[in-house]
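Trainee: What follows is a predicted structure for the sequence shown.
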Amino acid sequence: MALKRIHKELTELQRDPPPGCTAGPIGTDYFQWTGTIEGPPGTPYEGGLFNVNITFPQNYPFSAPRISFTTQVYHPNISETGAICLDTLTKNWSASLSIGKVLMSVQQLLADPNPNDPLDSMSARQYRSNRERFNRTARQYTQQYASPPDGYVFTTQSTTTPANNQDSAGRGGSGNSG
């Protein structure tokens, strides 16, 4: 059943890829995929191309895939080893979710961190206390580690309203839990 579902999702991804995300099997092992996520426009990750590994469990879709970044990312909900704290990948997993939707959720997490449930406490502290410095550090990581290959054309477009900003009370972030 898992392999049938994985094949179906691969066909769907090839036919109608989510904006800014790619994924596919590594060689002939359909349970091991690699993918990319474009940094969301208007964020410190804009202009970056982030690589991920995706491992499907044998009982997929009844259990969530394991997704981790192989590109270094400065983010409260992403560890130094690339682990991701996102409720969609844990307690809020649903068999109705597709890998395309999950990749878009990970991309949204880049735009909307949750510093109150961090995997990287240092970046979370900085996100809460000094957003300008956090954004500067995240941009530096993006430039250093997530440069796309020459000639890469981004599928997401820049927006006029930047994301990842705090309100006047200094709040920001989402309710993602990991």
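Mentor: Thanks, I have it.

Trainee: Quickly find the element holding I6.
Mentor: For I6, the host element (DSSP states H and E) is helix 2-15.

Trainee: Could you list the buried residues of that helix?
Mentor: Residues of helix 2-15 classed as buried: 2, 5-6, 9-10, 13 (neighbour count, 16 or more other Cβ atoms under 10 Å). Glycine gets a C-beta too; all of them are placed from N, C-alpha and C.

Trainee: now do stretch 100-113
Mentor: Those buried within stretch 100-113 under the rule 16+ other Cβ under 10 Å are 100, 102-107, 109-113.

Trainee: CA-only coordinates of it in CSV, if you can.
Mentor: The C-alpha trace of stretch 100-113 is given here as CSV (Å, rounded to 0.1, in the frame of the first residue of the first chain):
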residue,chain,number,x,y,z
GLY,A,100,3.6,18.2,-1.6
LYS,A,101,1.5,19.7,1.1
VAL,A,102,4.1,18.7,3.7
LEU,A,103,6.8,20.5,1.8
MET,A,104,4.7,23.6,1.5
SER,A,105,4.2,23.4,5.3
VAL,A,106,8.0,23.3,5.8
GLN,A,107,8.4,26.2,3.5
GLN,A,108,5.7,28.1,5.5
LEU,A,109,7.6,27.3,8.7
LEU,A,110,10.6,29.1,7.2
ALA,A,111,8.4,32.2,6.8
ASP,A,112,6.7,31.9,10.1
PRO,A,113,8.9,30.4,12.9
